[in-house]
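Visitor: make a model of this:
(one chain, ligands or ions: 2)
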Amino acid sequence: MLLEIKNLDAGYGYLQILRGVSLKIDKGEYVCIVGPNGAGKSTTMKSIAGLISPTAGSILFNGEEIAGLATNLITKKGISFVSEEMNLFVNMTVRENLFMGAYIIDDKKIQNERLDFVFDLFPRLAERKGQLAGTMSGGERKMLAIGRGMMSDPKLLMVDEPSFGLAPQLTENVFESLDILVKAGVTILLVEQNVTKTLSVTDRGYILENGKIGLEGKSKDLACDPHVKKVFLGV
Ligand SMILES: Nc1ncnc2c1ncn2[C@@H]1O[C@H](COP(=O)(O)OP(=O)(O)O)[C@@H](O)[C@H]1O
Ligand SMILES: [Mg+2]
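Guide: Numbering: from 1, shown residues only. Ligands and ions are numbered 1, 2, ... in the order given. Okay, the predicted model is just below:
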């Protein structure tokens, strides 16, 4: 098991959001968390990435406890988090932004190899390497954020709502980018608003409601589940 979360509680100050969340991801799997707004999806990812400290429970990565470790140490262990906000450096070029994602790698040669790898995955970024990130289109910026997440050579890539705010065609492009990574063998944890699409592309999924995992299973089974249909698809 690559990632194994057991009975995780987390929140903000006295406000508890996650209540006993448990989930697992195997190497090479494409797993999603879906749930209504405010359910705690981003909070789950932030806990894994070390941006907030869990108040109870455990997060094992490759069998090693990482709950409460600092973000840079978690990145070093092989977890990369592409947040909703992306936090791109708008006044820096595509290439400079990508190198920021390799900050945990000291060896310049390895950094350059990672850059070539990301450019191979996303030729569009190679074409635009000298362009300022702030002048890229919405879809290109998402691709850049995902590419930057890949610069540290993660064993697990977490992507939070990559299609948020994008037009349907650009959403399609984002899913294609993720598909390229899946085919390259990257393990992905995806949070998405677009439930139908997400359940059609991922292997397995977890339904998070009010800080608790309600349902879990193969994505294709979840897509047919009456509760999922009622809550997310308005059926
Ligand atoms: N920094 C924060 N401080 C206080 N409350 C927060 C903070 N971030 C999120 N929350 C609250 O935590 C709950 C879960 O948020 P979040 O994990 O972002 O939900 P989701 O990603 O599923 O939409 C929400 O009620 C939200 O208002
Ligand atoms: Mg969120």
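
Visitor: so what does Asp9 look like in phi/psi?
Guide: For Asp9, the backbone dihedrals are phi -110, psi 140 (criterion: degrees, to the nearest 10).

Visitor: I'd guessed Glu29 sits against Leu190; true?
Guide: No - applying C-beta atoms under 8 Å, one finds Glu29 not in contact with Leu190, separated by 10.8 Å. C-beta: built from backbone N, CA, C; applies to glycine.

Visitor: which one of the two is surrounded by more residues?
Guide: Shown here are Glu29 and Leu190; by other C-beta atoms under 10 Å, Leu190 has more neighbours (25 against 18).

Visitor: in a strand, the more buried one, correct?
Guide: Yes - Leu190: assigned to a strand according to DSSP: H, G, I helix; E, B strand; the rest coil.

Visitor: that one and ligand 1, how far apart?
Guide: For Leu190, the distance to ligand 1 equals 12 Å [C-beta to the nearest ligand atom, to the nearest Å].

Visitor: how about the closest residue to that residue other than its chain neighbours, secondary structure?
Guide: Nearest residue to Leu190, sequence neighbours excluded (C-beta to C-beta, 6 or more residues apart in numbering): Cys32, at 4.7 Å. The three-state label given to Cys32 by three-state DSSP is strand.

Visitor: my read: Cys32 touches Thr202, true?
Guide: Yes - contact between Cys32 and Thr202 holds when scored by C-beta under 8 Å: they sit 4.3 Å apart.

Visitor: give me the common contacts of those two.
Guide: Shared contacts of Cys32 and Thr202, defined by C-beta atoms under 8 Å, 6 or more residues apart in numbering, comprise Leu190, Ser219.

Visitor: ok, now how distant is the residue nearest to Leu190 from Lys109?
Guide: Look at Cys32 and Lys109: by C-beta to C-beta, to the nearest Å, they are 36 Å apart.

Visitor: and what of Ser137?
Guide: With C-beta to C-beta as the criterion, Ser137 and Lys109 are 32 Å apart.

Visitor: comparing those two, which shows the higher neighbour count?
Guide: For Ser137 versus Lys109, neighbours defined as other C-beta under 10 Å are more numerous around Ser137 (13 against 8).

Visitor: surely the more buried one is in contact with Ala167?
Guide: No - at 9.9 Å, Ser137 and Ala167 do not qualify as touching, with contact defined as C-beta under 8 Å.
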